[in-house]
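Novice: only geometry, no sequence info:
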């Protein structure tokens, strides 16, 4: 209780007392000062300690619950949720560190040491980067542009690059023009800039559940209210989406229609069309995060939502981190003209502009056809890994008590343990056997999902996939086998809440 | 009135009605939907249109006034202020464009065309960048690190660079260690990351007035309440600073103790000590933005506040944009250990990490002594310009009805026109004569300062300084001469409110 009785509220402040208290408790949770499942003080004593009405405490706890920071147990009180806010998916590794090797490996700073096989990293290993080609173009740009390559770049981005991107986008059947392109320093900044432009404290954002942790962190940082909609193997639950758009009037809907992170699921064309019609009907801004659509292996359709966007309701985010070089910190947005100015201002206050040198080199890379060649190269490598992964899952996982569905492409596979098992425990067990997996709880904005985990093929070579999956299957069998009470087979289409 | 009667408030929302209305009107002002000096509707009719109590409107208007979006005229109503929010100082040029040349010149994308002389840009011209040296090191890093140079970099920054910076900081008498350094993608991102970590909606920030526009934009974007303290020629008004820290309990105090932007003024050592003692006494976090302290020409003291920081109250921001190459997008923070985790999380949600390649090259640049050589080179060039500027001001400006004070170093000179004159008009007149100046109103968070303008020597060669200042003096004389009612001589130490 001491930590609570130390709280000081400012009664003269413009900010309401319940909001002040909400911010303070929220911060204590984020800072880890009060841990998961910690019981919050009862309402009456806390109100009297702080010298406020009980209604203030009631309002604060209600808001904390609404935002997913606490949960209530009828008859026993209010408890802190097991959230991991502001965390990138890879940070989970720092929460459950085995040894220094894992951290170094995770950050891509070092070749994999010893016999570790990592299904955790979503980033290609650096041996796949086209360093030599890039070096030639770097020198070409420096000889051509000299100091101009190091001046402030236009905030919207280097014009020739925007022009080259318009051309490149035609292969995705996206028609746009350089005025609608905004260069960004990676997809994370894209999400951040969009949030800055549209989300004020208390605004609502709708996201898929589970979803990309970096987006959750950014939306929370703007003080947004996050509403989650389950994603099914054929895409978001569109009926609930419509209901929530109607009820909550969100400022943004953030989705990944192709090879979603972390599930790997893709929206059916029918669902894509439905989402578009909802966007038009309710005049809702949709953010489409496309980080992988180039890697379609089994599907005949990897249509970008943006290519269906006749009403200019879609902000399209494209990252090159997963198929090119993450360290470049380069990506772009396609933005509806009416919101252009807001996005530009948000970009300006974020970092003024993206490195002009990297933009100029990437421009050449696109124009001279090296990009096309590189995409083909990455696609071939990933396709092989994808096929090996599929057959290994068939061979070693199909008899396990796991719920999963094979995606149609991309880099991620998503699994659900039977009720009562915890994927962070599986993480620890697997790591002891030199296999890295990623527990799924961090992908749920509202503190559920302990049973899920993600395997990615971005950083694991084909020959290691079989070794790794075989070993992991043994670990899972041993873990689940230990506790014989679990027998139910989960429904293949269970919604992920 | 139509634009106001269209406003829809959500009576079921968690957010109070006056705050909803505040956000909507604030946005209309920022979006330019209602312009400077537009009269807001009277209280009673608006309340009845929106179906709310008159007190809601009163509260909204009061908050708008407090935040500088509107001003009141006794007996005649409430009017929109002439603010330019979210604007970088250079954007002013887009508000008053003469022709395409100005824009290109401003962005540093092109050599100065025709006979334009620019005292507006605060960025060195690209002919001063050490491109050849940098190119050699770029190739060295690529040969040494290969793909690793393009992987995700650790969010805190490349360790060897942080280590090299610790060494470099010893020349500023700042003792720190690599754990306290956070690499950022330029100073603007530094401010943004700090704001993200510490400013929630409704929190208070104290800034100097006038101050850097990019900081104003970022703090506003977080929904901060901005309190301004006048800066005098020997630094901030420390008595008012203490009073405001006591009254407003700010989350941050953002200052530039050496060669402040836009005034060029530096804090006396006495004031620096006083600010430090206030930080300790009130346990207040001070953000020191040091973008120019290397350029001390007349002063024997350019002590960084951070070097006096025994209580770990200072976040130090260092940018290299003004003395190196802005397009690199590289800078760093020194952060007190207790807030390290918060800053790291904010960096992570901003852009995950800063370009690893640029960090590695800059690391070599620091280590092999090229940096020291370059600083000396820039210092010599700027010192010469500074001396020329000083003697030109003596020669041409000293008889004008202008209030100004020569700074002890840096790149900026700050001027005040007599009461009743408008620097944006001077801007237009000067531009017609091929001289670019920067009107000062954008540097005032609370919509004052129309009489001020800034001249910078970052982008103008010595030989052009005399031509430019002579011409500008003629323009000013003509302008002031036209209106004979202005005769008062302003006090040399008038506070800048």
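Specialist: Looks like it came in fine. Because the structure is a prediction, the values reported are computed rather than measured. Residues are numbered from 1 along each chain as shown, chains lettered A, B, ... in the order given.

Novice: any low-confidence regions in the stretch 351-497 of chain A?
Specialist: For the stretch 351-497 of chain A, the stretches flagged by pLDDT under 70 are A:447, A:482-497.

Novice: would you mind listing what in it touches chain B?
Specialist: A:351, A:352, A:353, A:354, A:355, A:356, A:357, A:358 (CB under 8 Å from any CB of the partner chain). C-beta here means a position set from N, CA and C on the backbone, and glycine is covered the same way.

Novice: quick one: which of the residues you listed is nearest to residue B:382?
Specialist: Residue B:382 lies nearest to residue A:352 out of these, by CB to CB, at 21.6 Å.

Novice: sorry, back to before: got the residues of the stretch 351-497 of chain A next to chain B as TSV, with secondary structure, neighbour count and distance to residue A:392 columns?
Specialist: Formatted as TSV, these follow (DSSP: H, G, I helix; E, B strand; the rest coil; neighbours: other CB atoms under 10 Å in any protein chain shown; distance: CB to CB, whole Å):
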residue	secondary structure	neighbour count	distance to residue A:392
A:351	helix	28	42
A:352	coil	22	47
A:353	coil	26	45
A:354	coil	33	39
A:355	coil	29	40
A:356	helix	28	44
A:357	helix	26	42
A:358	helix	28	37
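
Novice: reformat those residues as JSON lines; add distance to residue B:467.
Specialist: Shown next, in JSON lines, are those (distance: CB to CB, whole Å):
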{"residue": "A:351", "distance to residue B:467": "35"}
{"residue": "A:352", "distance to residue B:467": "30"}
{"residue": "A:353", "distance to residue B:467": "31"}
{"residue": "A:354", "distance to residue B:467": "36"}
{"residue": "A:355", "distance to residue B:467": "35"}
{"residue": "A:356", "distance to residue B:467": "30"}
{"residue": "A:357", "distance to residue B:467": "33"}
{"residue": "A:358", "distance to residue B:467": "38"}
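
Novice: do you know how far the residue nearest to residue A:301 when sequence neighbours are not counted is from residue A:410?
Specialist: Distances taken as CB to CB, 6 or more residues apart in numbering or on different chains put residue A:269 closest to residue A:301, at 5.4 Å, once the chain neighbours are dropped. The gap separating residue A:269 from residue A:410 is 17 Å, by CB to CB, to the nearest Å.

Novice: what about the strands in the stretch 101-250 of chain A?
Specialist: Listed in chain order, the strands of the stretch 101-250 of chain A (DSSP state E, counting those that start in this stretch) span A:117-118, A:181-184, A:204-209, A:225-232, A:235-236.

Novice: can you add distance to residue A:405 and give those strands back as TSV?
Specialist: As requested, the strands of the stretch 101-250 of chain A are arranged in TSV below (distance: least, CB to CB, whole Å):
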stretch	distance to residue A:405
strand A:117-118	23
strand A:181-184	32
strand A:204-209	15
strand A:225-232	9
strand A:235-236	12
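
Novice: redo the ones you listed as JSON lines? Include distance to chain B, mean neighbour count and mean pLDDT.
Specialist: Formatted as JSON lines, those follow (distance: least, CB to the nearest CB, whole Å; neighbours: other CB atoms under 10 Å in any protein chain shown; pLDDT from 0 to 100):
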{"stretch": "strand A:117-118", "distance to chain B": "14", "mean neighbour count": "22", "mean pLDDT": "91"}
{"stretch": "strand A:181-184", "distance to chain B": "8", "mean neighbour count": "26", "mean pLDDT": "97"}
{"stretch": "strand A:204-209", "distance to chain B": "10", "mean neighbour count": "25", "mean pLDDT": "96"}
{"stretch": "strand A:225-232", "distance to chain B": "8", "mean neighbour count": "21", "mean pLDDT": "94"}
{"stretch": "strand A:235-236", "distance to chain B": "23", "mean neighbour count": "25", "mean pLDDT": "96"}
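
Novice: what's the helix or strand residue A:57 falls within packed up against?
Specialist: Take DSSP states H and E as the rule and residue A:57 turns out to sit in helix A:54-66. When contacts are defined as 3 or more CB pairs under 8 Å, 6 or more residues apart in numbering or on different chains; DSSP states H and E, helix A:54-66 packs onto helix A:17-30, helix A:43-50, strand A:70-73, strand A:77-80.

Novice: which residues outside the longest one are in contact with it?
Specialist: Spelled out, that is helix A:17-30. A:3, A:7, A:9-11, A:13, A:34, A:40, A:50, A:52, A:55-57, A:59-60, A:63-64, A:67, A:69-70, A:80-81, A:83, A:85-86, B:200, B:202 (CB atoms under 8 Å, 6 or more residues apart in numbering or on different chains).

Novice: drop anything exposed from the residues you listed.
Specialist: For the contacts of helix A:17-30, a neighbour count by 16 or more other CB atoms under 10 Å in any protein chain shown gives the buried set as A:9, A:13, A:34, A:40, A:50, A:52, A:56-57, A:59-60, A:63-64, A:67, A:69-70, A:80-81, A:83, A:85-86, B:200, B:202.

Novice: any idea how far the nearest residue to residue A:237 once chain neighbours are set aside is from residue A:69?
Specialist: Take residue A:237 and drop its neighbours on the chain: the residue closest to it by CB to CB, 6+ apart is residue A:230, 5.1 Å away. Between residue A:230 and residue A:69 the computed distance is 21 Å (CB to CB).

Novice: what do you get for residue A:327?
Specialist: With CB to CB as the criterion, residue A:327 and residue A:69 are 34 Å apart.

Novice: next, the angle helix A:17-30 makes with the helix holding residue A:57.
Specialist: Computed by axes from the mean of the first three to the mean of the last three CA atoms, to 10 degrees, the angle separating helix A:54-66 from helix A:17-30 equals 40 degrees.

Novice: how much does helix A:54-66 deviate in direction from strand A:225-232?
Specialist: Going by the same axes, to 10 degrees, helix A:54-66 makes 30 degrees with strand A:225-232.

Novice: give me the angle between helix A:54-66 and helix A:43-50.
Specialist: 110 degrees.

Novice: chain center to helix A:54-66, what's the gap?
Specialist: 29 Å (CA atoms, centre = their mean, to the nearest Å).

Novice: I would like the residues contacting it, please.
Specialist: Defining contact as CB under 8 Å, 6+ apart, one finds that helix A:54-66 is touched by A:17-19, A:21-22, A:25-26, A:40, A:43-44, A:46-47, A:50, A:70-72, A:78, A:225, B:14.

Novice: domain map for chain A?
Specialist: Domains of chain A are assigned by automatic domain parsing as A:2-80, A:89-127+A:373-482, A:151-368.

Novice: buried residues in the longest helix seen in chain A, which are they?
Specialist: In chain A, assigned by DSSP state H, the helix with the most residues is helix A:370-392. Neighbour counts over helix A:370-392 (16+ other CB under 10 Å) mark A:370-371, A:374-375, A:378-379, A:382, A:385-386, A:388-390, A:392 as buried.

Novice: so which of those residues would you say is closest to residue A:115?
Specialist: Of the buried residues of helix A:370-392, the one sitting nearest to residue A:115 (CB to CB) turns out to be residue A:392, at 17.5 Å.

Novice: can you list the domains of chain A in JSON lines and add distance to residue B:176?
Specialist: Shown next, in JSON lines, are the domains of chain A (distance: least, CB to CB, whole Å):
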{"stretch": "domain A:2-80", "distance to residue B:176": "23"}
{"stretch": "domain A:89-127+A:373-482", "distance to residue B:176": "23"}
{"stretch": "domain A:151-368", "distance to residue B:176": "24"}
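
Novice: winner for burial among those?
Specialist: domain A:151-368 (a mean of 22; mean count of other CB atoms under 10 Å in any protein chain shown).

Novice: gap between the two ends of that one?
Specialist: 24 Å (CA to CA, to the nearest Å).

Novice: centroid residue for chain A?
Specialist: By CA atoms, centre = their mean, the mean C-alpha position of chain A lies nearest to residue A:212, the distance being 1.5 Å.

Novice: enumerate every residue touching that one.
Specialist: Residues near residue A:212 by CB under 8 Å, 6+ apart: A:89, A:256, A:261, A:262, A:289, A:443.

Novice: equivalent analysis for residue A:167, please.
Specialist: residue A:366.
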